[in-house]
Structure formats: structure tokens, C-alpha cells
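Novice: Show me the folded form of this:
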Amino acid sequence: MRYTPEQLERRNRSIWTPVQAIGAPIQLLVFLVNVVLVVRFLATGADYELAHAVSVVKVLMLYFMTITGMFWEREVFGAWFMAKQFFWEDFVNLIALIAHTAFLLSGWLGAEPTTQMWIMCVAFLTYLANFTQFVLRGVRAGMQKRAAQRAGQSASPAAAQTGTLPS
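Specialist: You can find the predicted model right below:
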């Protein structure tokens, strides 16, 4: 999916774009630490409290990224969630939210620590799918931005005025 010139301009001006760009690597770092701690707990039974605490931080990061992403989506696409142009990213994100919320509920409902950590492992898979979509969209957006800049430098005056992008 390519952004329209207007959407691209809104995306580039949005305060939420850098929030997402900075938040994503932080969330990835929390994810990596979380994976190590959860796998360590499942393998050895050690440090459940630490693995659980970092898992909660991981869930909170997902909620933070989702909420700020909704503000971004509203600003760029005009819809808070499930905008036509962002439907599949939001759909996979919704699945990730459900899986991560299931982890929180499992703790609240008193599930065994091992069960909680296995639920978090499922949530990890949904996060990886969600993060992969985020990265791919970012790469495509960067390619589109560079193409638009090149088109603006070498395009005819009429194309530059209409914001036409090369196919």
C-alpha cells in the first residue's frame, strides 16, 4: 500500500510518527529481554517474579504503542482503528492485544506460573507478526518517500505540482 501524497505529508508532520519510531525499538528491546527471562523460567523454574514483571511491562508497551498508533492512524488516515489502508496491520495488532491480555488475565485468575509463561510464549508469536508488519510498512514508506523526493527533483513541473508518484 502506498500513501497518497496527502497522507504521506500528514504522516511526515505527525508528532505520533516519531513516537512510534522511538517506541518500536524500545518495545523490541523489552520483548527480547522478556523472551530470555520467560525461556529461562520455563527451562529452570528460576525467577518467575522477574519474568512476570517484565512480561507485564511488555504488555503495557503493546498497549502504549497501540494507543499512540491509534492517534497516528486518526491523524494520517482519518480513522482511529481499522482504517481501510491499515486494516491488516490493525487486525494482527488486535490478535496480539488479545493474546497479551490473556496473559494478564491468566495471572489475575490465578493460573500456574508455567501456564502463564506458555500463554506469554503464544503472545510472543503474535507480537512477532505485528512487529514484522510494522517494519515492512516502515520500509515501504521510506521507499515511497525517497521515490517522491526523486520524482520531485526530476519530474516535469506538472507532475511535481500534482504530487504524482512513479509506479
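Novice: shaky segments in the chain?
Specialist: Low-confidence regions of the chain, defined by pLDDT under 70, span residues 1, 153-167.
Novice: That one: helices as residue ranges?
Specialist: 5-13, 16-44, 48-77, 87-108, 113-154, 157-162 (DSSP state H).
Novice: could these be laid out in TSV, adding mean neighbour count?
Specialist: (C-beta placed from N, C-alpha, C; glycine too.) Shown next, in TSV, are the helices of the chain (neighbours: other Cβ atoms under 10 Å):
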stretch	mean neighbour count
helix 5-13	15
helix 16-44	15
helix 48-77	18
helix 87-108	17
helix 113-154	16
helix 157-162	10
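Novice: was I right about residue 28 contacting residue 131?
Specialist: Yes - using Cβ atoms under 8 Å, residue 28 is in contact with residue 131, at 6.6 Å.
Novice: any residues in contact with both of those two?
Specialist: Common contacts of residue 28 and residue 131 (Cβ atoms under 8 Å, 6 or more residues apart in numbering): none found.
Novice: Distance of the closest residue to residue 98 other than its chain neighbours relative to residue 89?
Specialist: Nearest-residue entry for residue 98: residue 126, 7.9 Å, with adjacent residues in sequence omitted and distances by Cβ to Cβ, 6 or more residues apart in numbering. Distance from residue 126 to residue 89, counting by Cβ to Cβ, to the nearest Å: 13 Å.
Novice: Next, residue 110: phi, psi?
Specialist: phi 90, psi 20 (degrees, to the nearest 10).
Novice: Count the neighbours of it for me.
Specialist: 8 (other Cβ atoms under 10 Å).
Novice: start at 238 instead
Specialist: Let's use 238 as the start, then, which means that last one is residue 347.
Novice: From residue 353, how far out is it?
Specialist: Taking Cβ to Cβ, one finds residue 347 at 10 Å from residue 353.
Novice: same thing with residue 344?
Specialist: Where residue 353 is concerned, residue 344 sits at a distance of 5 Å (Cβ to Cβ).
Novice: got any residues that touch both of these two?
Specialist: residue 289.
Novice: The residue nearest to residue 335: what's it in contact with?
Specialist: Contacts of residue 363 by Cβ under 8 Å, 6+ apart are 329, 332-333, 335-337.
Novice: any chance of these in TSV, with distance to residue 307 too?
Specialist: TSV is the format used below for the contacts of residue 363 (distance: Cβ to Cβ, whole Å):
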residue	distance to residue 307
329	15
332	16
333	14
335	16
336	19
337	16
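Novice: Many thanks, have a good one.
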